[in-house]
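1. Quick one, what's the 3D model for this:
(one chain, ligands or ions: 1)
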Amino acid sequence: RQNIAFGGDAKRGHRSIRNLLAVASGKGGVGKSTTTINLALALASEGARVGILDADIYGPSIPIMLGNAGEHPKSIDNRHMQPLQAHGLVANSIGYLVPADDAAVWRGPMASKALQQLLNETLWPQLDYLLIDMPPGTGDIQLTLAQQVPVSGALVVTTPQNIALADAQKAIAMFNKVKVPVLGVLENMSYHQCENCGHKEFLFAQGGGERISGQNKVPLLGHIPLDIHIREYTDAGKALIVDKPQSVISQAYGAAARQL
Ligand code: ADP
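-> Numbering: from 1, shown residues only. Predicted structure coming up:
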């Protein structure tokens, strides 16, 4: 595991970050946060310095998934925050700052401002990647984020189900509109494989990822199965990729991360 050293330059903001990547989905519940964490861990396991900005102001899941939901970032000079560390990653989230019920009822401008603060007032160390876990949807907050934050690329997570693909398509259209390159689509919950007999079941239909990637001429970064270990590890705030680097799932996340 890496030890990340902080520069401590309070004015630096996000200038020390080489790649700011937005992880978006359109539809909620398709596994965007789960994917953000696992791609971050996969990139870190290849030696990259990686951070996560949880921009899902209305439903921050990153603190639970990193297993440090009770912690708070240290305040520096009353204006800046030291990001939290977990599994070799750094992270910040509204979930570390205010009780969930408070942020859940913020109006758009307040939520957008909170997001800007999380990005600009966090003392991010030198990072190769900062993955931004976007809020689901393609509304005001998402547009503001895509326009005001110097995002170098976006990644769209979808399940193969039509209803999720339709929303993923909207997310791609939004990034096209604001001229943020879409680096790829990752299909999540592609199939479930029975641990006893090996039979693969395509619970949310099949071929959706290929279709959306073909129609938009963006790479399909891979297929992640619907798997109990993914759910158990994220619920427990543990890192599957660190514990089981040779598993099919860790390898699939690794292959996707190498295309970013
Ligand atoms: P989103 O960020 O799109 O709202 P989450 O990442 O929070 O979605 O995932 C929703 C739930 O589904 C979580 O409880 C997570 O553990 C579970 N989940 C996501 N992807 C998978 C997967 N491939 N296999 C099993 N469970 C998954």
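
2. where do the strands sit along the stretch 1-150 of the chain?
-> Ranges of strands within the stretch 1-150 of the chain are 17-24, 50-54, 74-76, 80-82, 84-86, 89-93, 127-133, based on DSSP state E, counting those that start in this stretch.

3. Spatially nearest residue to Tyr58 (excluding sequence neighbours)?
-> Ala104 (5.6 Å; CB to CB, 6 or more residues apart in numbering). Yep, even glycine has a C-beta here, placed from its N, CA and C like the rest.

4. May I ask you to confirm that that neighbour is in contact with Pro60?
-> No - taking CB atoms under 8 Å as the definition, Ala104 is not a contact partner of Pro60, at 9.7 Å.

5. Report the central residue of the chain.
-> For the chain, Thr36 is the residue whose C-alpha lies nearest the centre (CA atoms, centre = their mean; 2.7 Å).

6. mind listing what that one touches?
-> Neighbour list for Thr36: 23, 52, 62, 131, 133 [criterion: CB atoms under 8 Å, 6 or more residues apart in numbering].

7. Same check on Gly184?
-> By CB under 8 Å, 6+ apart, the contact set of Gly184 is 155-156, 213, 218-221, 256, 259-260.

8. Kindly report the same for Ala69.
-> By CB under 8 Å, 6+ apart, the contact set of Ala69 is 63, 95-96, 237.

9. Once you drop chain neighbours, what's closest to Glu210?
-> Nearest one to Glu210, counting by CB to CB, 6+ apart, is Leu220 at 6.0 Å.

10. Count the residues that sit near that neighbour.
-> 18 (other CB atoms under 10 Å).

11. thinking it is in contact with Gly208, fair?
-> No - here Leu220 lies out of contact with Gly208, judged by CB under 8 Å, at a distance of 10.0 Å.

12. Between the two, which contacts overlap?
-> Glu187.

13. still on that earlier bit, list just the nearest of the contacts of Thr36 to the ligand.
-> Asp133 (6.9 Å; CB to the nearest ligand atom).

14. Next one: the closest residue to the closest one other than its chain neighbours from the ligand, what distance?
-> Leaving out its chain neighbours, the residue that sits closest to Asp133 by CB to CB, 6+ apart is Thr36, at 4.3 Å. According to CB to the nearest ligand atom, to the nearest Å, Thr36 and the ligand sit 8 Å apart.
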